[in-house]
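S.K.: here's a sequence, model it:
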Amino acid sequence: MPERNPETDVIDFRAAEQLLAARDPRGAVRLLDSVIAAHPENTAARLLRARAFFAAAQLRPAELEFELVLEREPDNAFAHFALARTFERSGHPERAVRHFRLAAALDPNPEYLRAARFDDRGGGA
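M.R.: Alright, predicted model coming up:
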């Protein structure tokens, strides 16, 4: 395997973005695994890998990555929204509500506000 360097990691990160956009999330995960191994603190790479896991329907790994991102960036509205979607997709809508609402509180994005369903009295998502 060729030696890793910062330029290689940036190239792999950008290539992973392109793979995800081209609907190859598993390819993106493969590239991001080496980037994260070299830079475990890189939250952007972890967020991209979480999105790739979600797109590949690998919901438990997606959940773990989104949670790790939120440990580091608790005010990341997108990560809250994506974690909520992950919970919703895995059949846990009750766990999704909190994160939908946090996302909407952090960013009044219309999509986040709709998902938060603040007007629902029952609190379900």
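S.K.: quick check: A104 vs A84, distance?
M.R.: Shown here: A104 relative to A84, a distance of 10 Å by C-beta to C-beta, to the nearest Å. All C-beta spots, glycine's among them, are computed from the backbone N, C-alpha and C.
S.K.: intersection of neighbour lists for those two?
M.R.: Common neighbours of A104 and A84, counting by C-beta atoms under 8 Å, 6 or more residues apart in numbering, are A115.
S.K.: show me what the top helix by length along the chain packs onto, helices and strands only.
M.R.: As assigned by DSSP state H, the longest helix anywhere in the chain is helix 6-21. Under the contact criterion of 3 or more C-beta pairs under 8 Å, 6 or more residues apart in numbering; DSSP states H and E, helix 6-21 touches helix 25-38, helix 43-55.
S.K.: okay, buried residues for that helix please.
M.R.: Applying a neighbour-count criterion of 16 or more other C-beta atoms under 10 Å, one finds D9, D12, F13, A16, E17, L19, L20 buried in helix 6-21.
S.K.: do the same with stretch 66-76
M.R.: Within stretch 66-76, the residues that qualify as buried are F66, L68, V69, L70, N76, counting by 16+ other C-beta under 10 Å.
S.K.: so which of these sit within strands?
M.R.: Among the buried residues of stretch 66-76, DSSP state E puts none in strands.
S.K.: show me which pair in those is furthest apart.
M.R.: With distances taken as C-beta to C-beta, the most widely separated pair in the buried residues of stretch 66-76 is L68 and N76, at 11.1 Å.
S.K.: for this structure, give me the ranges with low pLDDT.
M.R.: Residues of the chain meeting the criterion pLDDT under 70: 1-2, 120-125.
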